[in-house]
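K.L.:
Take this sequence and fold it.
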Amino acid sequence: MQNGMHTDRDRCVRAVRSKDARFDGWFFTAVLTTGIYCRPSCPAVPPKPENMVFHPSAAACQQAGFRACKRCRPDTSPGSPEWNHRADLVARAMRLIADGVVDRDGVPGLAARLGYSTRQIERQLLAELGAGPLALARAQRAQTARLLIETTALPMAEIAFAAGFSSIRSFNDTVREVFALSPSALRTRAPRPAAADLPSRPAAADLPRRPAAGPPRAAVPGTLSLRLPFRAPLNPDNLFGHLAATAVPGVEEWRDGAYRRTLRLPHGPGIAALTPRPDHVACRLTLADLRDLPVAISRCRRLLDLDADPVAVDDQLRTDPVLAPLVDKAPGRRVPRTVDEAEFAVRAVLGQQVSTAAARTHAARLVTAHGEPVDDPEGGLTHLFPAPEALAALDPESLAMPRTRRATFTTLVRELAGGGIRLGVESDWQETRARLLALPGFGPWTVDVIAMRALGDPDAFLPTDLGIRRAAAELGLPATPAALTARAAAWQPWRAYAVQYLWATDSHPINFLPV
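P.N.:
Alright, predicted model coming up:
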């Protein structure tokens with residue numbers, strides 16, 4: 001699969017005729033005769049090829065005047081895998097837009113995070129995606145609005161505010177333009193959610209008073225249940241097994257078949273409960289402010305690597321006769337990532353040269369002493385993981401770890417708190433690697449595990465990792481890190497996924513879905 005697939009007309013036509021769901025999110029089909037746009041797997045009878053126009057994004061379809069198909073709901077398709085395995089300007093911009101930066105800080109804020117001018121960003125996004133940052137953010141707001149309309153009983157004014165619209169008029173106009181239905185018609189057509197799935201809301205007497213006109217200005221809390229789609233196949237064993245086995249008490253837990261954790265979001269705390277299902281991941285979000293819904297969804301998808309293209313990954317790894325049996329046995333492994341890049345970097349340092357249990361113990365002490373309390377009526381979560389600013393203020397002598405690792409820890413949190421190192425979806429992978437390697441106590445393993453799980457680099461590799469070395473010895477792969485790295489060149493650009501298959505040869509709890 002290559003960038004710019006929408007320009008390969010013959011390939012797109014074949015994908016539409018085959019109704020292959022693997023291509024959902026890679027491109028969108030606009031139908032000239034009906035004025036609608038669809039995902040490639042739309043169940044409707046495919047239009048004639050001469051009536052098809054292909055676009056790289058839903059926003060580009062909307063810019064061209066097409067409405068979303070009511071049958072295949074292209075606005076809910078998985079995201080393009082391009083933004084997962086690329087680190088160029090467009091990919092970094094798309095990750096930031098998904099994280100809500102344009103809605104919070106505008107296009108100038110997006111440009112500032114990326115270090116480019118607004119003109120440069122708009123030009124590159126238009127060239128590749130057919131839409132600028134405002135149009136892309138608008139498409140995301142429309143998707144969020146539809147989700148809230150169809151799955152909650154919130155008043156439309158509160159939905160408009162929670163979805164990020166500046167006025168009720170723009171909310172109404174956008175919904176009608178994108179979905180060819182009014183907000184109330186969308187709600188009428190939607191299946192009614194079960195009572196347990198309706199958002200919890202304050203009593204009417206507790207709601208803040210607001211002007212009769214315009215969107216509400218108070219935070220709107222709520223609990224929502226939704227489905228997170230993915231490209232099949234997906235093997236949940238190592239994905240949820242890793243998250244559960246390394247869970248920090250108070251911040252994460254495995255409960256009733258779901259991985260649950262607290263979220264630090266722009267407008268307040270949240271809690272996510274994620275449950276693997278055969279054709280989706282069930283997601284239950286409890287948010288202090290519903291304006292954080294798109295950000296929470298984006299971070300949960302990133303945590304579970306749900307926008308990956310497993311067929312492309314597995315096809316590449318199968319070319320190695322040693323990896324092929326591992327892939328065939330359990331295809332679709334994902335890379336367990338994170339919802340908070342700074343948190344993961346801190347935890348990577350805590351985990352240097354100690355067992356999984358010891359790393360959890362160290363992290364739990366920090367959470368109890370410096371984390372922000374949260375309420376969790378549905379489980380046992382108690383805190384947000386401490387922010388770098390809180391950790392930078394602690395007394396180093398209170399850390400129960402060797403002096404050298406204590407120095408590594410305190411240096412890292414000072415750099416994170418002061419902005420000397422920025423870890424986020426916009427990070428330049430190679431530049432961040434170089435900055436981390438310059439810190440005392442940061443070797444290749446620590447840097448590459450942060451690159452793999454926090455930055456999202458799909459080609460990060462861990463040749464010195466004990467689990468990888470054991471797997472290499474068992475499979476007859478080269479024993480030394482240098483020789484193993486040379487052999488792994490054939491696995492590029494998916495070496496982080498090869499790590500998951502190699503780890504899976506061990507009996508460590510990270511490789512098994514909890515019971």
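K.L.:
all strands in the chain, in order from the N-terminus.
P.N.:
For the chain, applying DSSP state E gives strands covering 28-31, 36-38, 52-55, 67-68, 222-228, 252-255, 258-265, 268-276, 281-287, 372-373, 383-384.
K.L.:
Take the ones you listed and write them to TSV, including distance to Asp88.
P.N.:
No exception for glycine: its C-beta is placed from N, CA and C like everyone else's. Rendered in TSV, the data for those read as follows (distance: least, Cβ to Cβ, whole Å):
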stretch	distance to Asp88
strand 28-31	22
strand 36-38	26
strand 52-55	20
strand 67-68	28
strand 222-228	26
strand 252-255	32
strand 258-265	27
strand 268-276	29
strand 281-287	28
strand 372-373	35
strand 383-384	32
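K.L.:
Next, the buried residues of stretch 46-57.
P.N.:
46-47, 52-57 (16 or more other Cβ atoms under 10 Å).
K.L.:
still on that earlier bit, hey, least reliable of the strands of the chain by pLDDT?
P.N.:
Lowest mean pLDDT of those: strand 222-228, a mean of 89.
K.L.:
got the CA coordinates for that one in CSV?
P.N.:
Taking C-alpha atoms only, strand 222-228 is exported to CSV below (Å, rounded to 0.1, in the frame of the first residue of the first chain):
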residue,chain,number,x,y,z
GLY,A,222,-21.1,12.1,30.5
THR,A,223,-20.5,8.3,30.0
LEU,A,224,-20.8,6.9,26.5
SER,A,225,-20.4,3.5,25.0
LEU,A,226,-19.2,3.2,21.4
ARG,A,227,-17.4,0.8,19.0
LEU,A,228,-13.9,1.3,17.8
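K.L.:
returning to what we had before: ok, which of the strands of the chain comes nearest Val295?
P.N.:
Closest approach to Val295 among the strands of the chain (Cβ to Cβ): strand 258-265, 5.7 Å.
K.L.:
how many neighbours does Ala145 have?
P.N.:
Ala145 is flanked by 26 other residues according to other Cβ atoms under 10 Å.
K.L.:
Which of the helices and strands in this structure ranks last by mean pLDDT?
P.N.:
helix 82-85 (a mean of 74; mean pLDDT, DSSP states H and E).
K.L.:
where's that helix relative to the chain centroid, distance-wise?
P.N.:
11 Å (Cα atoms, centre = their mean, to the nearest Å).
K.L.:
Output the contacting helices and strands for that helix.
P.N.:
When contacts are defined as 3 or more Cβ pairs under 8 Å, 6 or more residues apart in numbering; DSSP states H and E, helix 82-85 packs onto helix 89-98.
K.L.:
can you pull the contacts of Asp105?
P.N.:
112-113 (Cβ atoms under 8 Å, 6 or more residues apart in numbering).
K.L.:
and it, how far is that from Thr480?
P.N.:
47 Å (Cβ to Cβ, to the nearest Å).
K.L.:
residues near Asp8, how many?
P.N.:
14.
K.L.:
same deal with the one 3 residues further on?
P.N.:
The number of residues packed near Arg11 is 17, by other Cβ under 10 Å.
K.L.:
Could you do Glu474 as well?
P.N.:
Neighbour number of Glu474 under other Cβ under 10 Å is 11.
K.L.:
tell me the contacts of it?
P.N.:
Applying Cβ under 8 Å, 6+ apart, the residues contacting Glu474 are Thr505.
K.L.:
Check the gap between it and Leu466 for me.
P.N.:
Glu474 is 13 Å from Leu466, by Cβ to Cβ.
K.L.:
quick one, the lengthiest helix in the chain and helix 89-98 angle?
P.N.:
Looking across the chain with DSSP state H, the single longest helix is helix 133-151. Angle of helix 133-151 versus helix 89-98, following axes from the mean of the first three to the mean of the last three Cα atoms, to 10 degrees, is 40 degrees.
K.L.:
pLDDT averaged over helix 133-151, what's the number?
P.N.:
90.
K.L.:
Just want the angle from that helix to strand 222-228.
P.N.:
Using the same axes, to 10 degrees, helix 133-151 lies at 110 degrees relative to strand 222-228.
K.L.:
Tell me the buried residues in helix 133-151?
P.N.:
So, applying 16+ other Cβ under 10 Å, buried residues of helix 133-151: 133-149, 151.
K.L.:
how many neighbours does Lys329 have?
P.N.:
10.
K.L.:
Just list the residues touching it, thanks.
P.N.:
Here Lys329 is in contact with no residue (Cβ under 8 Å, 6+ apart).
K.L.:
coming back round to it: need the contact partners of the least confident helix or strand of the chain.
P.N.:
By Cβ under 8 Å, 6+ apart, helix 82-85 touches 3, 91, 94-95, 98, 305, 307-308, 456, 458-459, 493.
K.L.:
Repeat that for stretch 230-242.
P.N.:
Contacts of stretch 230-242 (Cβ under 8 Å, 6+ apart): 21-22, 24-25, 78, 81, 254, 259, 274, 276, 279-281, 304-311, 330-334, 336, 500, 503-504, 509-514.
K.L.:
tell me the mean pLDDT for it?
P.N.:
For stretch 230-242, the per-residue pLDDT averages 94.
K.L.:
Find the nearest non-adjacent residue to Asp428, please.
P.N.:
Ala87 (6.4 Å; Cβ to Cβ, 6 or more residues apart in numbering).
K.L.:
again, but for Thr223
P.N.:
Thr223's closest residue in space is Thr286 (Cβ to Cβ, 6+ apart), at 4.5 Å.
K.L.:
pretty sure that neighbour is in contact with Gly268, am I right?
P.N.:
No: assessed by Cβ atoms under 8 Å, Thr286 is found out of contact with Gly268, at 10.7 Å.
K.L.:
Of the two, give the one with the bigger neighbour count.
P.N.:
Neighbours were counted for Thr286 and for Gly268 using other Cβ under 10 Å; Thr286 has more, 26 against 15.
K.L.:
Pull the contacting residues for the more buried one.
P.N.:
By Cβ under 8 Å, 6+ apart, the neighbours of Thr286 are 200, 222-223, 270-271, 378.
K.L.:
if you set the cut-off to 7 Å instead, what comes out?
P.N.:
Residues in contact with Thr286 (Cβ atoms under 7 Å, 6 or more residues apart in numbering) are 223, 270-271.
K.L.:
For these, give me TSV that also has distance to Leu437 and neighbour count.
P.N.:
Below are these laid out as TSV (distance: Cβ to Cβ, whole Å; neighbours: other Cβ atoms under 10 Å):
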residue	distance to Leu437	neighbour count
Thr223	42	21
Gly270	33	27
Ile271	35	22
